[in-house]
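**Student:** coordinates for the following, if possible.
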Amino acid sequence: MFTSESASRCRFALPVLLIVVGLLLTTTALAAANLQPSVSSPAAGSAPSFALPQGARPAGLRAPIPTPAPEVLTLGAIIDTYIDEELSNSNFGGSARLHVDKLFEFGYRRRSLVEFDLSGLPPNAILHKATFRAYLDEAFDLESVNVTMGRNSANWTEYGATWANRPSCTAKTTVAVGTGDGWVSWNAFNLVHDWLDGGYANEGLCLYGPADSDFYQRRFRSRESARPPELVIEFYRPTPTPTRTLPPSRTPTATRTPTITPTGTLSPSATPTATLTPSRTPTVTRTPTVTAGSCTSL
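**Tutor:** The predicted structure follows:
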């Protein structure tokens, strides 16, 4: 008879049985992985806990495949200058600073042009990240200025560029630049992508500020000074596609083809003519004539 006491024992035995089964399964898995479990003393009424040794991995789990680190190429500017709206036909290719200004009183603007040589990148490089950075050297007026980096659309030269012949500039990204000295960085991924894969010629980049704000002056160091502008590119080399090498095929041995030698034509042989050999004419034997009166005794 199933009593309340039996029910109580079953309720107690079932958790114990589950704990034992769990311990057996865990111990079996650890033994398969050749690991030694550490067992902590359980609190009253709780099951013991198992901990894997540091750095150990449960059986059946594979180590993650490490992601290769990208290669880094840091390029220095090969040409740079700034151009001045007020002095629209003047060139400043030899200046030690690159200006991004909107000057007091008349609001004349200045912008800068910078170019890099990308030939150091391997063919078909896979772009991971690109950053343009320039070292801020002086800052006046506004506490923060939105300075835009863009892509130049036409060729220019370091000692020939002026405001009057400046290339147009397609905006790419904008960064708020404060007044503290130091490196300022712009995300140049889309810009470099345009040059590598977008079909745009590398005519360098431009830096300019807003035309509709209060006055500001931001001056960065040029390539003629310490800490010149830099373009930092992170990339992966393309993975070569393995070429299947076919086993060498057996070269067939040339078989000599027999040459047919023409055979002479046989002359027809003369058909022999039968020659009749004359038959011997039988000699007529003369039969003796019996003469009457002559009797010969027989």
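**Student:** mean confidence for whichever strand or helix holds residue 190?
**Tutor:** Assigned by DSSP states H and E, residue 190 belongs to helix 189-197. Averaging pLDDT along helix 189-197 gives 95.
**Student:** please export the C-alpha coordinates of it as CSV.
**Tutor:** Output in CSV follows, covering the C-alpha atoms of helix 189-197 (Å, rounded to 0.1, in the frame of the first residue of the first chain):
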residue,chain,number,x,y,z
PHE,A,189,37.5,54.6,-45.8
ASN,A,190,35.1,55.8,-48.4
LEU,A,191,37.6,58.2,-49.8
VAL,A,192,40.3,55.5,-50.3
HIS,A,193,37.7,53.1,-51.6
ASP,A,194,36.8,55.7,-54.3
TRP,A,195,40.4,55.7,-55.4
LEU,A,196,40.9,52.0,-55.3
ASP,A,197,37.6,50.5,-56.4
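**Student:** for the chain, where's the lowest mean pLDDT among helices and strands?
**Tutor:** strand 38-40 (a mean of 50; mean pLDDT, DSSP states H and E).
**Student:** returning to what we had before: within its sheet, name the partner strands of whatever helix or strand comes next after the helix holding residue 190 and how each one runs.
**Tutor:** Where DSSP H and E defines the elements, the next helix or strand beyond helix 189-197 is strand 205-208. Strand pairing for strand 205-208, determined by DSSP bridges: strand 109-115 (antiparallel), strand 145-152 (antiparallel).
**Student:** quick check: closest non-adjacent residue to residue 86.
**Tutor:** Counting by Cβ to Cβ, 6 or more residues apart in numbering, residue 86 lies nearest to residue 108, which is 3.9 Å off, once chain neighbours are set aside. Quick note: C-beta positions are derived from backbone N, CA and C, even for glycine.
**Student:** hmm, the one you found is touching residue 99, no?
**Tutor:** No: counting by Cβ atoms under 8 Å, residue 108 stays clear of residue 99, with 10.8 Å between them.
**Student:** residues that sit against both of these two, list them.
**Tutor:** Common neighbours of residue 108 and residue 99, using Cβ atoms under 8 Å, 6 or more residues apart in numbering, are residue 84.
**Student:** compare neighbour counts for these two and give me the winner.
**Tutor:** The residue with more neighbours, out of residue 108 and residue 99, is residue 99; 23 against 15, by other Cβ atoms under 10 Å.
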